[in-house]
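Peer 1: Fold the stuff below for me.
(one chain, ligands or ions: 1)
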Amino acid sequence: MRPRDLSDHAVYEAGRGIEEVARELGFEPEELVKLSSNENPHGPSPRAVEAVREAAPSVNTYPKSDHTDLIDRLADRHGVDPAQVWLASGGDGALDYLHRALLDPGEGVLVPDPGFAYYPMSARFHHGTVSTYPLDREADFEQTAEGVLDAYDGERVVHVTSPHNPTGSEMPRAAVARLAEGTDEGTLVLVDEAYVEFSDDPGKVDLVREREDVAVLRTFSKVYGLAGLRLGYILTPDTLGEAYPRVNTPFAVNKPALRAGLAALDDEDHVERTVESARWSRAYLHEHLDAPTWPSGGNFVLADVGDGAAVFEAAKRRGVIVRDTTSFGLPDCVRVSTGTREGTRRAVEVLNGVLDERR
Ligand SMILES: Cc1ncc(COP(=O)(O)O)c(C=O)c1O
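Peer 2: Got it, this is the predicted structure:
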């Protein structure tokens, strides 16, 4: 027995888990500062934690009405029809549903380079082909409609990430509209807004309401601190609504996650605190890290440290875990997620010490 030809399929390289690194280095997990996966350093929304506890005794039944409740709530919040809300196990799961619904075998998707690894992976799982458009480092990874359209060749889905992982650059609303205008009628522009809450940009959901060729991805993993529950969604054009029940896994999201999602939406204090702290940390990293950084709209900063793998290793031995961006095609950089004030200061001190020794 062997699988189908998977030679084109890359393995997703996640930032390493805190327990894993602690075990390897002989630290206690609390002694480490983990700023490698753009997680919420303040933990989950406390209201969400309570909702998970309350949901636990009833996980013997399927989460039918919970799905509907969260979908209705999100539809209301974004001013779209419930059928347009494609809830899934993480933004990653929502990408799978979108590709499953849109791609005929051999159809293409266009993705940014550098960019988030799961776009091409998911497209290939669904028998799609992948092409890339470059984000030019010399232009600070600027995202323009023209830059994407130069590479565009009739692909079925064009992926845009704003704020972009791992560079932090953003695509203005007018550019997304121009991009959608410049592509064929059958092409969907998906704007991944996993990090939008950390930006000054209000996001592009209005384009989903106005047009038939723009979709927006959101996640509960970042600002709401629910990465471990796996909850995300894509807002799709109303013409695609019929497709969701035809492609989704029955009861795609688990009950504690659905209840936690509803509770987290109400937890404005937690969101405010998270955003305020991320903005502080981002500014601190820009100002105090002894390495060139790029402006970022996300809860992370990309820094040019000369040798990403070496700096990652040396910082890790001192208890600070950042993301070596070699797998993104940026081997001379690391990406540092925003932390608490204490965690950020410690990360900067350790990274600056490492950089100093390497000079
Ligand atoms: C750009 C981008 N999109 C989507 C995701 C998926 O997030 P999740 O599957 O946790 O919702 C991530 C996660 O890091 C990301 O960086």
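Peer 1: Would you mind listing what in the chain touches the ligand?
Peer 2: Residues of the chain lying close to the ligand by Cβ under 6 Å from any ligand atom are 38, 90-92, 116, 161, 165, 192, 194, 219, 221, 227, 232. Using the backbone N, CA and C atoms, a C-beta is placed for each residue, glycine as well.
Peer 1: Start and end of stretch 284-300, how far apart?
Peer 2: In stretch 284-300, first residue to last residue: 11 Å (Cα to Cα, to the nearest Å).
Peer 1: Quick one: distance of it to the chain centre.
Peer 2: Taking Cα atoms, centre = their mean, to the nearest Å, the mean C-alpha location of stretch 284-300 is offset from the chain mean by 18 Å.
Peer 1: returning to that earlier point: now for the residues of the chain next to the ligand: which two are most distant?
Peer 2: Thr161 and Ala227 (17.2 Å; Cβ to Cβ).
Peer 1: Compare these two (neighbour count), which wins?
Peer 2: Using other Cβ atoms under 10 Å, the more surrounded residue of Thr161 and Ala227 is Thr161, with 27 against 18.
Peer 1: residues contacting that one?
Peer 2: Each residue near Thr161 by Cβ atoms under 8 Å, 6 or more residues apart in numbering is listed here: 112, 115-116, 191-192, 194.
Peer 1: Which strands or helices does the helix or strand where Ile234 lies pack on?
Peer 2: Counting by DSSP states H and E, the element that carries Ile234 is strand 232-235. Judged by 3 or more Cβ pairs under 8 Å, 6 or more residues apart in numbering; DSSP states H and E, strand 232-235 is in contact with helix 64-78, strand 85-88, helix 90-102, strand 214-219.
Peer 1: for these, which one sits closest to Glu181?
Peer 2: Minimum separation from Glu181 across the helices and strands packed on strand 232-235 (Cβ to Cβ) falls at strand 214-219, 10.3 Å.
Peer 1: For the closest one, what is the distance to the chain centroid?
Peer 2: How far strand 214-219 lies from its chain's middle: 11 Å, per Cα atoms, centre = their mean.
Peer 1: Quick one: list the elements packing against that strand.
Peer 2: The contact analysis (3+ Cβ pairs under 8 Å, 6+ apart) places strand 214-219 against helix 90-102, strand 188-192, helix 205-210, strand 232-235.
Peer 1: Show residues contacting that strand.
Peer 2: 90-91, 94-95, 98, 176, 180, 188-194, 196, 203-205, 207-208, 231-237, 240.
Peer 1: can you check stretch 336-353 too?
Peer 2: Against stretch 336-353 from outside (Cβ under 8 Å, 6+ apart): 33, 35-39, 41-42, 198, 277-282, 284-285, 288-291, 299-301, 303, 305, 311, 315, 318-320, 322-323, 334.
Peer 1: Nearest residue to Val214 in space, ignoring adjacent ones along the chain?
Peer 2: By the measure of Cβ to Cβ, 6 or more residues apart in numbering, the closest residue to Val214 outside its immediate chain neighbours is Leu207, 4.2 Å from it.
Peer 1: swap in Ala48?
Peer 2: Leaving aside its chain neighbours, Ala48 sits nearest to Ala260 (3.8 Å; criterion: Cβ to Cβ, 6+ apart).
Peer 1: rewinding a little: got a quick ChimeraX command for the buried subset of the contacts of stretch 336-353?
Peer 2: Here is the ChimeraX command that picks out the buried ones among these, judged by 16 or more other Cβ atoms under 10 Å:
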select :33,35,36,37,38,39,41,198,277,278,281,282,284,285,289,291,299,300,301,303,305,311,315,318,319,320,322,323,334
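Peer 1: Take the contacts of stretch 336-353 and keep only those in helices.
Peer 2: For these, membership in helices holds for 277-282, 284-285, 288, 311, 315, with DSSP state H as the criterion.
Peer 1: got these as JSON lines, with pLDDT columns?
Peer 2: Formatted as JSON lines, the ones in helices among the contacts of stretch 336-353 follow (pLDDT from 0 to 100):
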{"residue": "Ser277", "pLDDT": "98"}
{"residue": "Ala278", "pLDDT": "98"}
{"residue": "Arg279", "pLDDT": "98"}
{"residue": "Trp280", "pLDDT": "98"}
{"residue": "Ser281", "pLDDT": "98"}
{"residue": "Arg282", "pLDDT": "98"}
{"residue": "Tyr284", "pLDDT": "98"}
{"residue": "Leu285", "pLDDT": "98"}
{"residue": "His288", "pLDDT": "98"}
{"residue": "Val311", "pLDDT": "98"}
{"residue": "Ala315", "pLDDT": "97"}
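Peer 1: Which of those residues sits closest to Val253?
Peer 2: The closest of the ones in helices among the contacts of stretch 336-353, once distances to Val253 are taken by Cβ to Cβ, is Ala278, at 25.5 Å.
Peer 1: picking up where we left off before, which of the helices and strands packed on strand 214-219 sits closest to Ala56?
Peer 2: Proximity to Ala56 (Cβ to Cβ) singles out helix 90-102 among the helices and strands packed on strand 214-219, at 20.6 Å.
Peer 1: Can you report how many residues neighbour the residue nearest to Ala48?
Peer 2: When neighbours are defined as other Cβ under 10 Å, Ala260 has 29 of them.
Peer 1: likewise the one 10 residues further on?
Peer 2: Neighbour count for His270, taken as other Cβ under 10 Å: 22.
Peer 1: Please identify the helix or strand for it.
Peer 2: According to DSSP H and E, His270 maps onto helix 268-288.
Peer 1: How about residues contacting that helix?
Peer 2: By Cβ under 8 Å, 6+ apart, the surrounding residues in contact with helix 268-288 are 40-42, 45-47, 197-198, 223-225, 264, 293, 295-296, 299-301, 303, 336, 338-341, 344-345, 348, 352.
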